[in-house]
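Engineer: Got a sequence here, can you build the structure:
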Amino acid sequence: RFNAKKVVEETPPAPVENGVPPTEEEYGPAVDEKRIPSALEPKVMAPYKTPPGQTPRRVQIERKKRLFSQQKIGSLLDAENFPPQPPDDALELANFDDNEFDTRTQLEWVAPEALAEEVRCQVARYASLGEKPTWADAVVLSCEPETNKYTVKFADGVEESVPRLDIYFMAEDPFNYVKRRVKAHELREHTAKQLLYNLYVDSMPTEDIPPLTVEQINRMLGFALNSKKLKDKLMDTSQLINEINIEYARTMNKIVFDNSMTRPHSEQQKMLVEADEFPQLEKRDVPTCGTVTVPIYDFAEQFSEFSFYTCLTKSEVITATVKVRHECNKVAKMNLFNTYFTKSVRLEDFEQAQTQASDQVAGYLKESWVVTLKNAITNTFKDTGKGWFNVHKQSQEIHDFSKLKKFLTMTRFMMEDSLRFLVEESLEKFMSFMDKNCSPVVNVVSTCEIHQVKPQLDIFSSKKPPLFALELLMKDGHFCYSTDLNVFEPQLRQIFDHAIKAVQTVPQLDPSIMEGLFWTHIPMLNSVHTLEDAVCVQREQLTQAVLHSIKATKEYLVKYDEHLPLLALDIKEYMATFTAGDPEKGPPGLPEMLAEIEKHAADLEHLNETIPNSVSIGPFMINCKKVLTAMTTKKQDLLNKSKELLAAQPRKLCEQICDKYKELDKALKKKSTDPESVKAQRDLIDEVPKRVGELEEIMESTLAFYTSLDKLQYGLPDSDFDLKALAQLRSAHPLVLGTHRRVHDDHDSQSFALFAAWQPPGEQRAYIEHDSLHVGPFGT
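Structural biologist: Numbers count the residues shown, from 1 in each chain. Okay, the predicted model is just below:
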């Protein structure tokens, strides 16, 4: 094993060996610096700091780079007699790839620093079956670790996903790559022959082969069911015996087939296939006994040496180990996260639940777990006395060489393993939990139409509600969520890191058990770090999953922009503008008001249909009740205002009609005092039919408004209903008749008084007495 100490040193720009740079005649032409990225230079077993007299590390690397650049993969494969592309029914060569030939991992080939300088490669491309592949230059873009495929881009711009076996990196050893392809081909040929061989054996008839005898079956059952628990149970072994008989018949056919293949045949009895077409299995000698053969050795010496180094020489050690393992197994079954939610929760509640779960497990580890392990060990070794397992030592030197130190070291490793298993399994469960909630592919069509494609989950997880609860609100003239979506990603990353950091301060048992020794500090158990590669990958997967689900939720919020005009609408200002109407056309009439009411009614129905009470988008359950209530209330107020405006028009007309009737009534009831007023009253009576006709026309115009209000199912207030009835029942005919009689009487009275005034004084009295008989009670 190479144990040279690696020291990073500054190397000169050009590699030299003993002060002499490499020449092209000796090592080949110089390599294009862009051909191989600096992060993927050939690996050499050489120290970074080269001792005098040895080949410098940079020179060895440069030699390999020049050697690799001079090779051609096609020529190397031809030298190995590599066959062309097999027919369609053959097994795919990539399935037999051996990753042991790879000198780098998949992530190392596509490391960011390597992709920044372009990872060049050659890809095997098959023009047709039965021909050798051509090797085309390409650039690696990414890697798919699950399928062991790489996405490459050819010179013509075409991107393709290619298996690792068909890619030759310019930075890898071409000879090693050729061995890799040849080994895959040999393994495929061997597998095809083995499958064909088993097909022939399985196709042989088994009806004429006798099954196992009753004696053989009883002997097998006696060996198989020899324990007390199995003897007490009445087990049905018929199915197992049937399988054994089938396997026995196949074995007999296999023996017959192998003998037929190896025995010479005549021309008429020649087999259809040759024995060389099948793999030759090694014949093993039948062992004399069923145990494993062990070479001869000195048992006493080996046992003495084993006893000197092992800790398992005392029963107390085994007892303590069992107790420690039992407690460690309990820890490994715990979970740092809470993955059981029966309803949607807010982000704050989710964070609190996860923090409490992590802190609860961390508190158990730091208090109960450590104390339980300490008590188990100290109680087990308290009676051992002086020796290898004395827990009351006061010398650090003696403790360092004692078996108790080895036992405590083993215990520390067990505890650290338990912590690592706890963290890794908890992170895996949490990632699976988040992936199930964030995995649905969401297509937001509108505010009420959302298509979700969920993965194939179990029936219980598919019925669970979304994880997070959000509420759609209205704030500062726009729509928003109760929790900012940009907060989810950093909060979940913080929860992820908090669980890892919670178990990084668990103390070791050595200071609490060896109290007689001096300890400058209390060492902590090693646990999973937040910057480990696997942790970083999981954190990035969590981030991508959350961002993916947030994207759809943001798209849903944008769909509410169509309601922003209604949100910013001022009802009073809108109604004032509508009532004023167009400066050229004047105030709106009945058709315009009805059109406005129909528009608001349609908008209200559209709001009720398009804004749901709640909607599920991936891991989010969005409550839209407040927005739905506010928007429909505002639109309903606008609709009511429009109906009130429509109802105000006939009310005004009815008030005008009643006012006109009151004025007419007042004028008709005015008492005549002279002939001129009588004349005026008669003229007014003549104008009454015309005025009444005008008022009736106005009243007929209000009927259209009231008919429209009835169709709109608008309930008139009592005052409007009384006003309408009063305007419809009001008539001037009785008033006109009374006024006409009164005017006639006033006219006769005024004429008599005027005639009497012109008579001689002696005749006036006689005329008045005579005329009183004709005037009657209507005279004055």
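
Engineer: Quick check: Leu404 vs Phe308, distance?
Structural biologist: Distance from Leu404 to Phe308, counting by CB to CB, to the nearest Å: 15 Å. C-betas here are computed from N, CA, C, even on glycine.

Engineer: more neighbours, those two?
Structural biologist: Between Leu404 and Phe308, Leu404 has the larger neighbour count (other CB atoms under 10 Å), namely 23 against 9.

Engineer: Please report phi then psi for the more buried one.
Structural biologist: Main-chain dihedrals, Leu404, degrees, to the nearest 10: phi -60, psi -40.

Engineer: Assign a three-state SS to the nearest residue to it once chain neighbours are set aside, would you?
Structural biologist: Counting by CB to CB, 6 or more residues apart in numbering, Phe389 is the residue found nearest to Leu404 once chain neighbours are left out, at 4.8 Å. At Phe389, secondary structure determined by DSSP: H, G, I helix; E, B strand; the rest coil is coil.

Engineer: On the three-state scheme, Tyr714 is what?
Structural biologist: The three-state label given to Tyr714 by three-state DSSP is coil.

Engineer: Tell me where the longest helix sits in the protein.
Structural biologist: Longest helix in the chain by number of residues (criterion: DSSP state H): helix 625-668.

Engineer: Can you spell out which helices and strands pack onto the helix or strand following that helix?
Structural biologist: Tracing the chain C-terminally past helix 625-668 and defining elements by DSSP states H and E, one meets helix 675-711 next. Here helix 675-711 is seen to pack against helix 590-610, helix 625-668, helix 718-729, helix 733-757 when contacts are counted using 3 or more CB pairs under 8 Å, 6 or more residues apart in numbering; DSSP states H and E.

Engineer: Buried residues in helix 675-711, which are they?
Structural biologist: Along helix 675-711, the positions that meet the burial threshold by neighbour count (16 or more other CB atoms under 10 Å) are 678, 681, 684-685, 688, 691-692, 695, 698-699, 702, 705-706, 708-709.

Engineer: Likewise for stretch 147-167?
Structural biologist: Residues of stretch 147-167 classed as buried under the neighbour-count rule (16+ other CB under 10 Å) are Lys149, Tyr150, Thr151, Val152, Val162, Pro163, Arg164, Leu165, Asp166, Ile167.

Engineer: Now pLDDT and secondary structure too, for the residues you listed, in a markdown table please.
Structural biologist: Below are the buried residues of stretch 147-167 laid out as a markdown table (pLDDT from 0 to 100; DSSP: H, G, I helix; E, B strand; the rest coil):
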| residue | pLDDT | secondary structure |
| --- | --- | --- |
| Lys149 | 92 | strand |
| Tyr150 | 93 | strand |
| Thr151 | 93 | strand |
| Val152 | 93 | strand |
| Val162 | 92 | strand |
| Pro163 | 92 | strand |
| Arg164 | 91 | helix |
| Leu165 | 91 | helix |
| Asp166 | 90 | helix |
| Ile167 | 92 | strand |
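
Engineer: Quick one: the residues you listed as TSV, columns for distance to Gln491 too.
Structural biologist: Converted to TSV, the buried residues of stretch 147-167 look like this (distance: CB to CB, whole Å):
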residue	distance to Gln491
Lys149	35
Tyr150	35
Thr151	33
Val152	39
Val162	40
Pro163	40
Arg164	39
Leu165	44
Asp166	44
Ile167	41
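
Engineer: quick one: which of those is nearest Leu569?
Structural biologist: Using CB to CB, Thr151 is the member of the buried residues of stretch 147-167 that sits closest to Leu569, with 52.4 Å.
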